[in-house]
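only the shape, not the letters, is given here:
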Ligand code: SAM
């Protein structure tokens, strides 16, 4: 008998994959975690029935969330990741030799444990000496910080439950305070097809708080609609221009300087969304 998994992405849309094996399922105090082995994309991490990553396409999301802001900063030494308990974003950040310390604040310890066990190619970052992992609410942690980070990355799930505050104005104001005077922040901000209101609101708020705000796009096949957005707020450097040659391009699968610049070229329907038309 064939087994298929469907994520109901909206009341009218879903993604369905053939499942070879259910490797893990548990309920934590925060969410339900599952790891599936899918035929098309390999292992898949699912939280509350929603796809967080697959081995087949995670490189696009993680490279784009990490390398766009990191290549726009001349000396990214201290990086904060909020969420991101699978370790994929940290893996990309740690490729930069200038990075001295990565602090990852994840609310659910079990996401890290399960990822370490079932997704070693993603969670390999946790073995790096430069990693500090804290298990607590990312908003509470961040609101107590002042001018500490060069880069802040928000690798949050869908904006519901405990993750909703990671998309709030209060949180973005905290991000501004927690960044050093030339810091950069980037967050995943969902799909322009499915979450246009959220994107428009977040962009408006970030633009009102940061000296510079930009949106960039990348394809992520297993996320709703396949087209994904990231919102960036910068205090000093223009995030559209990769500032430095990192020498990493040979080891990356998606990101390069051309992709960096192209990702900021927005189609008209997304531009309109940001202009509030
Ligand atoms: N790349 C993914 C996506 O867009 O679907 C997000 C992946 S990562 C697994 C998201 C993590 O954020 C989860 O492990 C979840 O436990 C964590 N998280 C949710 N709310 C949080 C909060 N308030 N503070 C810190 N971590 C949080």
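On my side now, so go ahead. Fair warning: this is a prediction, and the values are worked out from it, not measured in the lab.

measure residue 260 to residue 183 for me?
Distance of residue 260 to residue 183, given as CB to CB, to the nearest Å: 18 Å. Yep, even glycine has a C-beta here, placed from its N, CA and C like the rest.

what of residue 210?
Residue 210 is 10 Å from residue 183, by CB to CB.

for these two, list the residues in contact with both.
Residues touching both residue 210 and residue 183 comprise 234-235, with contact defined as CB atoms under 8 Å, 6 or more residues apart in numbering.

those two: who's more crowded?
Set residue 210 next to residue 183 and count neighbours by other CB atoms under 10 Å: residue 183 wins out with 27 against 21.

can you confirm that one is in a helix?
No: assessed with DSSP: H, G, I helix; E, B strand; the rest coil, residue 183 is strand; it does not lie in a helix.

was I right about it contacting residue 149?
Yes: here residue 183 reaches residue 149: they are 5.9 Å apart, a contact under CB atoms under 8 Å.

quick one: is the helix or strand where residue 177 lies near the ligand?
Applying DSSP states H and E as the criterion places residue 177 in helix 169-178. No: figure legend: helix 169-178 not in contact with the ligand (CB under 6 Å from any ligand atom); closest approach 9.0 Å.

what residues of that helix count as buried?
Under the neighbour-count criterion of 16 or more other CB atoms under 10 Å, helix 169-178 has 171-172, 174-176, 178 buried.

can you redo these as CSV with pLDDT and distance to residue 230?
Output for the buried residues of helix 169-178, formatted as CSV (pLDDT from 0 to 100; distance: CB to CB, whole Å):
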residue, pLDDT, distance to residue 230
171, 97, 16
172, 97, 14
174, 98, 19
175, 98, 14
176, 98, 17
178, 98, 19
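
same list, these, but as JSON lines with distance to residue 233 please.
Converted to JSON lines, the buried residues of helix 169-178 look like this (distance: CB to CB, whole Å):
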{"residue": "171", "distance to residue 233": "12"}
{"residue": "172", "distance to residue 233": "7"}
{"residue": "174", "distance to residue 233": "12"}
{"residue": "175", "distance to residue 233": "7"}
{"residue": "176", "distance to residue 233": "7"}
{"residue": "178", "distance to residue 233": "12"}
